[in-house]
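In: Coordinates for the following, if possible.
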Amino acid sequence: MSLLKVPFSALVIWAVQTTLTPPQPPAETQERVGAMGLEVAKIPRFIKTCFWVTGAFEIIVLIASAYPTHFLSAYILRNLVHFPQQEMRISGSFLAAWATSLSATLIRQRCYHVLGRMFTFELTIRKNHRLITSGPYAYVRHPSYSSGALALCAALACHLSPGSWLMQEGSALFSPEWVQRIVVSFWIITGVICYFVIAPRLKKEDDMLRKQFGDQWDQWAQKVPYKLIPWVY
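Out: Have a look, this model is predicted:
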């Protein structure tokens, strides 16, 4: 079971890395609309680092658990696993979160492909910029945001699910009540970040594109009234 979970955990890291890595080089200063915010400069790097460290620890422990007699395994398990009686495993909630994270990441990748050179993390109007209304953009106006947020939330759920290294160590070090509080705090912080990062950018992007494309944008917005979730919002 230990080695079986390794590729699953590795793909969680891939999902976060893909979601938070710009598919294009940074836009030129003259192409940017407004200053570059924390959501571009700092937040992605911090989140990727957190997931890389946690995911790497989990994979290392999984491999060491599969080969406990190796001298390196003994050192790893002694330092990274303080309560070996709790088995790391693929739980049902982990599998559901994993599938959700990967599916959302693939949708975001599709957004990268459809927009091509026009997909930048900075708010940008590029030379010969076109209004893209096909692919995921035929259903909502900002699919990369909803798919990206879903990918990250589901990746976080993977690490907060039973049988993960993070929860194994956390549940052993803290009481169940404190574990519950920590988990709830993670979700609240995630929600607050999403609200204060995504919500303002939605309006800025809509205003930017409407100013650039005029009636063409108005017709698209009338045909695709939903910003993030089809038939909901």
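In: Which parts of the protein are helices?
Out: For the chain, the helices defined by DSSP state H occupy 2-20, 38-41, 43-66, 71-80, 92-115, 143-159, 165-173, 176-213, 215-223.
In: Tell me which of the ones you listed sits nearest to Gln30.
Out: Nearest to Gln30 among those is helix 176-213 (14.8 Å), distances taken as C-beta to C-beta. The C-beta positions use only the backbone N, C-alpha and C, and glycine is treated the same way.
In: for this protein, what helix or strand is lowest in average pLDDT?
Out: Using mean pLDDT, DSSP states H and E, the weakest-scoring helix or strand in the chain turns out to be helix 38-41, at a mean of 57.
In: what sits against the residue nearest the centre of the chain?
Out: A centroid search over the chain (C-alpha atoms, centre = their mean) returns Leu152, at 2.5 Å, as the residue closest to the centre. For Leu152, the contacting residues are 16, 19-20, 47, 101, 190, by C-beta atoms under 8 Å, 6 or more residues apart in numbering.
In: In TSV: those residues, plus neighbour count and distance to Cys111.
Out: Shown next, in TSV, are the contacts of Leu152 (neighbours: other C-beta atoms under 10 Å; distance: C-beta to C-beta, whole Å):
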residue	neighbour count	distance to Cys111
Val16	25	16
Thr19	24	11
Leu20	19	14
Ile47	18	19
Ser101	25	16
Thr190	16	21
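In: Closest to Ser144 out of those?
Out: Thr19 (9.2 Å).
In: wait, doesn't Arg117 sit right on Pro22?
Out: No. Between Arg117 and Pro22 there is no contact, the gap being 11.5 Å when judged by C-beta atoms under 8 Å.
In: Do you know the pLDDT at the residue of the chain most remote from its centre?
Out: In the chain, the residue that sits farthest from the middle, by C-alpha atoms, centre = their mean, is Thr69; the gap is 35.9 Å. At Thr69, the predicted lDDT confidence score is 83.
In: Next one: it from Leu77, what distance?
Out: 11 Å (C-beta to C-beta, to the nearest Å).
In: check contacts around the closest residue in space to Leu115 that isn't next to it in sequence.
Out: Nearest residue to Leu115 in three dimensions, chain neighbours excluded: Ile132, at 5.5 Å (C-beta to C-beta, 6 or more residues apart in numbering). When contacts are counted by C-beta under 8 Å, 6+ apart, Ile132 touches 114-115, 118.
In: rewinding a little: tell me the one among the contacts of Leu152 nearest to Lys204.
Out: Here the nearest of the contacts of Leu152 to Lys204, counting by C-beta to C-beta, is Leu20; it sits at 19.4 Å.
In: Looks like the closest one contacts Pro44 (just checking).
Out: Yes. Checked against C-beta under 8 Å, the pair Leu20 and Pro44 is within contact range at 3.9 Å.
In: list the buried ones in stretch 95-115?
Out: 97-98, 100-102, 104-105, 107-111, 114-115 (16 or more other C-beta atoms under 10 Å).
In: correction: stretch 55-67
Out: Buried, per 16+ other C-beta under 10 Å, within stretch 55-67: 55, 57-65.
In: Turn the contacts of Leu152 into TSV, including distance to Pro225 and pLDDT.
Out: What follows is those, written out as TSV (distance: C-beta to C-beta, whole Å; pLDDT from 0 to 100):
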residue	distance to Pro225	pLDDT
Val16	31	96
Thr19	26	95
Leu20	28	93
Ile47	30	87
Ser101	28	98
Thr190	27	71
